[in-house]
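>>> Generate a structure from the sequence data that follows.
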Amino acid sequence: MGYAVKGWIGNCLWPVYLPCGCPKCGRKNWEICDNKMIRCKKIIIITACSASLYCQITGSVSNVGTTAASFLDIGIGARSLSMGGAFVAVADDPTALYWNPAGMVNIGRPTAHFFHSPWLADIRFNHSALVVPFDRSITFGFFITSVTMDEMQVRTVKIPEGTGEYFSVSNVALAGSFARRLTDRFSFGFNVKYIQEKIWHMNAGGLAVDLGSLFVTKNSGLRIGMSISNFGGKISMEGYDTEVDYDVDETMYGNNDKIDAYLNAMDWPLPLVFRAGVSKDVIQSEIHKLTLAGDAVHPNNNVEYLNLGFEYIFRGILAIRGGQAFLGMEDSKQGLTFGAGLNYQIPRGPRITIDYSYRSFGVFENIAGYSLNLIF
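Numbers count the residues shown, from 1 in each chain. Below is the predicted model:
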């Protein structure tokens, strides 16, 4: 988040001169007698309208940088991320709280989830979740997501080498979750979460809701999932750093140049995301299981894109995964995703699953993710 100045950027203006009328026949507007001139004028108008429409469309395709709390766009879970983020219709582990809260009903035992990923630019991304089934139809959950980084030195225009002070940046999201199975094939769920961004003395906070549904077809076993994430109001930065001294007229000597003023930070919407996807177990036996999944994603701060992925499990112990994220997003730096997982039952203890994900980010450093599930 930050301060912004409103302005016109990237809009197109096509001035077209149209005569008011014809002195010979008195026709009004742009119509004139000469057929060639009529055709020429029509071509000019069509071209101008097409160009204007094209500029409006291309100008509205991408809204990158127009939302707050961008850390909410970072995916959760090594398993789901190694499948390219195609998880809204899979959603059968605690990361369902992020991708599709309706999937919590597929978790039959109390499960704790921990995820860590060293993000870009030395940013640390952590996520923890707990899912507790109440009965076969009702499940409760809780999760916390945090983004932190090392302290940075305060630099100003007058003191670019540093003032000797240091500031910190952190983001956090806390959520409570509920899911219910309405029938043997349909379930729904939701999260209510508090979101906070903090930069030095400034912070912004607000509430948001996630909604999800999951449907399993009767004959084919095809799973269809949909979710809406981060539905809430706008947030803005507030705090000590908005109080400044202001000089009304810097060209005037001797006036009061330290008038108390307040910087009015703009309100920014949350990154609203709609996901719809399908998944299916194309092979399922005691030895082999192969799941294919695909999601279509529509965010309010970028263009639409597709996530595709697969998961192969051998004897319920070893898992191999792969996928492709952000298909259709031309400027995306993220490419193929890979991962693996291990399922182990501790004697007289909980069952644990350990997952690893690897994501390529083009010119940036590649990102690894690590997940641990404790199933009690």
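>>> Look up how far residue 240 lies from the residue nearest to residue 239 when sequence neighbours are not counted.
Closest residue to residue 239 apart from its sequence neighbours, by Cβ to Cβ, 6 or more residues apart in numbering: residue 202 at 3.9 Å. Glycine gets a C-beta too; all of them are placed from N, C-alpha and C. According to Cβ to Cβ, to the nearest Å, residue 202 stands 8 Å off from residue 240.
>>> Was I right to think the residue nearest to residue 239 contacts residue 238?
Yes: Residue 202 lies in contact with residue 238 (Cβ atoms under 8 Å); the separation is 6.8 Å.
>>> higher neighbour count, these two?
residue 202 (20 against 13; other Cβ atoms under 10 Å).
>>> What residues does the more buried one make contact with?
237-242 (Cβ atoms under 8 Å, 6 or more residues apart in numbering).
>>> Quick one, grab the pLDDT at it.
In this model, residue 202 is scored at 90, pLDDT.
>>> and if you look at residue 153?
The predicted local confidence for residue 153 is 92.
>>> sec struct for residue 251, please.
Under DSSP: H, G, I helix; E, B strand; the rest coil, the three-state class of residue 251 is coil.
>>> Looks to me like residue 257 is in a strand.
No: per three-state DSSP, residue 257 lies outside any strand segment and is coil.
>>> burial count for it?
Quick note: residue 257 (other Cβ under 10 Å) scores 13 neighbours.
>>> OK, contacts around it?
Contacts of residue 257 by Cβ under 8 Å, 6+ apart are 245, 247, 250.
>>> neighbour-wise, which of the residues you listed leads?
residue 247 leads the contacts of residue 257 on contacts (other Cβ under 10 Å) with 13 neighbours.
>>> Point out where the chain drops to low pLDDT.
Along the chain, segments meeting pLDDT under 70 span 1-62.
>>> From the centroid of it, which residue is nearest?
Central residue of the chain (Cα atoms, centre = their mean): residue 73, 2.6 Å from the mean position.
>>> ok, it touching residue 270?
No: at 10.2 Å, residue 73 does not count as touching residue 270 under the criterion of Cβ under 8 Å.
>>> Sticking with residue 370, tell me its helix or strand.
strand 367-375 (DSSP states H and E).
>>> Sorry, slip of the keys, the one I care about is residue 270.
Applying DSSP H and E, one finds residue 270 in no helix or strand.
>>> and it, what does it touch?
So residue 270 contacts 67-69, 72, 195, 206, 208, 230-235 (Cβ under 8 Å, 6+ apart).
>>> how about the nearest residue to it, chain neighbours excluded?
Residue 270 sits nearest to residue 230 (Cβ to Cβ, 6+ apart), 4.4 Å away.
>>> thought the one you found was touching residue 275?
No: here residue 230 lies out of contact with residue 275, judged by Cβ under 8 Å, at a distance of 11.5 Å.
>>> gap between the spatially closest residue to residue 204 that is not a sequence neighbour and residue 73?
Once flanking residues are discounted, residue 204 sits nearest to residue 235: 4.4 Å by Cβ to Cβ, 6+ apart. Distance from residue 235 to residue 73, counting by Cβ to Cβ: 15 Å.
>>> Repeat that for residue 85.
Residue 85 is 11 Å from residue 73, by Cβ to Cβ.
>>> Next: residue 185.
For residue 185 relative to residue 73 (Cβ to Cβ), the value is 31 Å.
>>> can you count the residues close to residue 118?
Around residue 118 there are 13 residues (other Cβ under 10 Å).
>>> now residue 369, which residues is it bridged with?
residue 357 (DSSP bridges).
>>> show me the contacts for it.
Residue 369 neighbours (Cβ under 8 Å, 6+ apart): 77-78, 81-82, 115-117, 339, 355-359.
>>> Residue 217 contacts residue 184, correct?
No: using Cβ under 8 Å, residue 217 is not in contact with residue 184, being 12.0 Å away.
>>> can you pull out the helices in this protein?
35-61, 78-82, 96-99 (DSSP state H).
>>> so how many other residues sit close to residue 122?
Residue 122: 9 neighbours (other Cβ under 10 Å).
>>> again with residue 184
10.
>>> what's it in contact with, if anything?
Contacts of residue 184 (Cβ under 8 Å, 6+ apart): none.
>>> Equivalent analysis for residue 305, please.
So residue 305 contacts 297, 325-329, 332 (Cβ under 8 Å, 6+ apart).
>>> Phi, psi for the nearest residue to residue 149 once chain neighbours are set aside please.
Nearest non-adjacent residue to residue 149, counting by Cβ to Cβ, 6+ apart: residue 123, 5.0 Å away. Main-chain torsions, residue 123, degrees, to the nearest 10: phi -90, psi 140.
>>> measure residue 123 to residue 81 for me?
From residue 123 to residue 81 the distance is 16 Å (Cβ to Cβ).
>>> Between those two, which has more neighbouring residues?
Between residue 123 and residue 81, residue 81 has the larger neighbour count (other Cβ under 10 Å), namely 32 against 16.
>>> Now do the strands in the stretch 51-200 of the chain.
For the stretch 51-200 of the chain, the strands defined by DSSP state E, counting those that start in this stretch occupy 111-118, 124-133, 138-148, 152-153, 166-167, 169-181, 186-199.
>>> Out of these, flag the one nearest residue 226.
strand 186-199 (9.8 Å; Cβ to Cβ).
>>> for the closest one, which positions count as buried?
By 16 or more other Cβ atoms under 10 Å, the buried positions in strand 186-199 come out as 187-191, 193, 195, 197-199.
>>> Please name every helix or strand in contact with that strand.
Judged by 3 or more Cβ pairs under 8 Å, 6 or more residues apart in numbering; DSSP states H and E, strand 186-199 is in contact with strand 138-148, strand 169-181, strand 202-216.
>>> switch the cut-off to 10 Å
With contacts taken as 3 or more Cβ pairs under 10 Å, 6 or more residues apart in numbering; DSSP states H and E, strand 186-199 sits against helix 96-99, strand 138-148, strand 169-181, strand 202-216, strand 223-232.
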